[in-house]
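Participant: missing the sequence, but the structure's below:
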């Protein structure tokens, strides 16, 4: 800025000799101008840095969430990068007037489909994909339960039947908009099935041949397992029927294994 | 209304007397062990209460979610039931700024400054906060 000013004065001086007073005037005028420009520059620099730090934060957040999951999560995220971008924009638009927690159902289905498709490409093995989906679901579940408890304000369940009711009528309703029927109770009351008629995760899905071992919606098992583990229930969750494989209904079986105890503080036996 | 059990201990922890009336559940251990446990609990509560107290008289509020998150707040005696306050802290602050923040690792001390400042703002703004009656 200073260089610019002197150059400008020199030009003026070259054109015609100035009196000292005139030089002083131009300099002070320029100084006022300079102040404005500096402010503008500072504002721009500030904006620039805030953008940089914001994007840094965003990337950091993304990276951290990736390490939280698994290596597969990383590849999927880079691959479906466009998807997540669209997702963000859509959710921002829907903020006006509508519940910001709700997203377009089809977009959700497609995003989940992209995730499973990418996992299949990466692992090339149905069993391994099932395992990864369950792991991701588990990581979702352990956080989702807190959100669920905060929103629903339900207390501790007295028995497994009550748990089943809450999972179906509150949990599935809240997050997937469906209410699976509860059936096939074991005589001991420690095992039941969730009958899902219209699984939103499989809306546009058709399993290609040769994937009979793939449990497309295995993420759900992980979510249920993770969420129940956080409320002191060790539960085994698995798919026993799947409409994708030609069954009449999709059936998820939950088996209560044991009650988990609170951690004992260090130093006590 | 009913009465279940009655215990009486001397200052050395000897159980002087025990009676039970309408007790529905047994502890599954010998009576001697049970007395020791009961005395131990009372003893540690007493020493705990005097050691941790922020002032001479205080009230300890405890809120536990089904997921085992425990929230404890100590206030003065005039504060009534603050279950809703603790639930708000859990749902509007812990879930909002920690659980939904992928950078915050679960099971680790919370490092989020946003959580800290928001919580601080909330507690300072509570109607029970500024009262100084003593």
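Facilitator: Good, I have the coordinates. What you see is a predicted model, and the numbers here were worked out from it, not measured in a lab.

Participant: below-threshold pLDDT in the chain: ranges please.
Facilitator: By default, I'm working from chain A. Within chain A, the segments meeting pLDDT under 70 span A:1-98, A:265-269.

Participant: nope, chain B please
Facilitator: In the prediction, chain B carries residues with pLDDT under 70 at positions B:131-134.

Participant: and the longest helix for chain B?
Facilitator: helix B:31-52 (DSSP state H).

Participant: elements contacting it?
Facilitator: strand B:5-9, strand B:15-20 (3 or more C-beta pairs under 8 Å, 6 or more residues apart in numbering or on different chains; DSSP states H and E). Any C-beta I mention is one placed from the backbone N, CA and C, and that applies to glycine too.

Participant: want to throw those strands into a markdown table with mean neighbour count and distance to chain A?
Facilitator: Listed next are the helices and strands packed on helix B:31-52 as a markdown table, based on neighbours: other C-beta atoms under 10 Å in any protein chain shown; distance: least, C-beta to the nearest C-beta, whole Å:
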| stretch | mean neighbour count | distance to chain A |
| --- | --- | --- |
| strand B:5-9 | 13 | 22 |
| strand B:15-20 | 12 | 23 |
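
Participant: picking up where we left off before, partner strands of the helix or strand following the longest helix of chain B, with direction?
Facilitator: Downstream of helix B:31-52, the first helix or strand assigned by DSSP states H and E is strand B:59-64. Its sheet considered, strand B:59-64 pairs with strand B:70-75 (antiparallel) by DSSP bridges.

Participant: and the strand it pairs with, what's buried?
Facilitator: B:71, B:73, B:75 (16 or more other C-beta atoms under 10 Å in any protein chain shown).

Participant: report the beta-bridge partners for the first one.
Facilitator: This points to residue B:71. Counting by DSSP bridges, residue B:71 forms beta bridges with residue B:63.

Participant: from what I can see it touches residue B:63, true?
Facilitator: Yes - assessed by C-beta atoms under 8 Å, residue B:71 is found in contact with residue B:63 at 4.5 Å.

Participant: any common contacting residues for those two?
Facilitator: Common contacts of residue B:71 and residue B:63, defined by C-beta atoms under 8 Å, 6 or more residues apart in numbering or on different chains, comprise B:86, B:90.

Participant: which among the helices and strands packed on helix B:31-52 is found nearest to residue B:103?
Facilitator: When the helices and strands packed on helix B:31-52 are compared by C-beta to C-beta, strand B:5-9 sits nearest residue B:103, at 49.9 Å.

Participant: pretty sure residue B:99 is touching residue A:147, no?
Facilitator: Yes - at 6.2 Å, residue B:99 counts as touching residue A:147 under the criterion of C-beta under 8 Å.

Participant: need the contact list for the most centrally placed residue in chain B.
Facilitator: Residue closest to the average C-alpha location in chain B (C-alpha atoms, centre = their mean): residue B:62, at 3.5 Å. Neighbouring residues of residue B:62 by C-beta under 8 Å, 6+ apart: B:70-72.

Participant: ok so, going back, what angle sits between the longest helix of chain B and strand B:5-9?
Facilitator: 70 degrees (axes from the mean of the first three to the mean of the last three C-alpha atoms, to 10 degrees).

Participant: contact partners of helix B:31-52?
Facilitator: By C-beta under 8 Å, 6+ apart, helix B:31-52 touches B:7, B:9, B:13, B:15, B:18, B:27, B:29.

Participant: next one: stretch B:1-20
Facilitator: B:21-24, B:31, B:35-36, B:38-39, B:42-43.

Participant: now do it: distance to the chain's middle.
Facilitator: The chain centroid and the centroid of stretch B:1-20 are separated by 24 Å under C-alpha atoms, centre = their mean, to the nearest Å.

Participant: which parts of stretch A:125-143 are buried?
Facilitator: Residues of stretch A:125-143 classed as buried by neighbour count (16+ other C-beta under 10 Å): A:126, A:129-143.

Participant: among those residues, which are in strands?
Facilitator: For the buried residues of stretch A:125-143, not one is inside strands, with DSSP state E as the criterion.

Participant: of those, just say which sits nearest to chain B.
Facilitator: For these, the minimum distance to chain B (C-beta to the nearest C-beta) is 5.0 Å, reached by residue A:143.

Participant: quick one: contacts for the residue nearest to that closest one when sequence neighbours are not counted?
Facilitator: For residue A:143, ignoring the flanking residues on the chain, the nearest one in space by C-beta to C-beta, 6 or more residues apart in numbering or on different chains is residue B:99 at 5.0 Å. Residues in contact with residue B:99 (C-beta under 8 Å, 6+ apart) are A:143, A:146-147, B:106.
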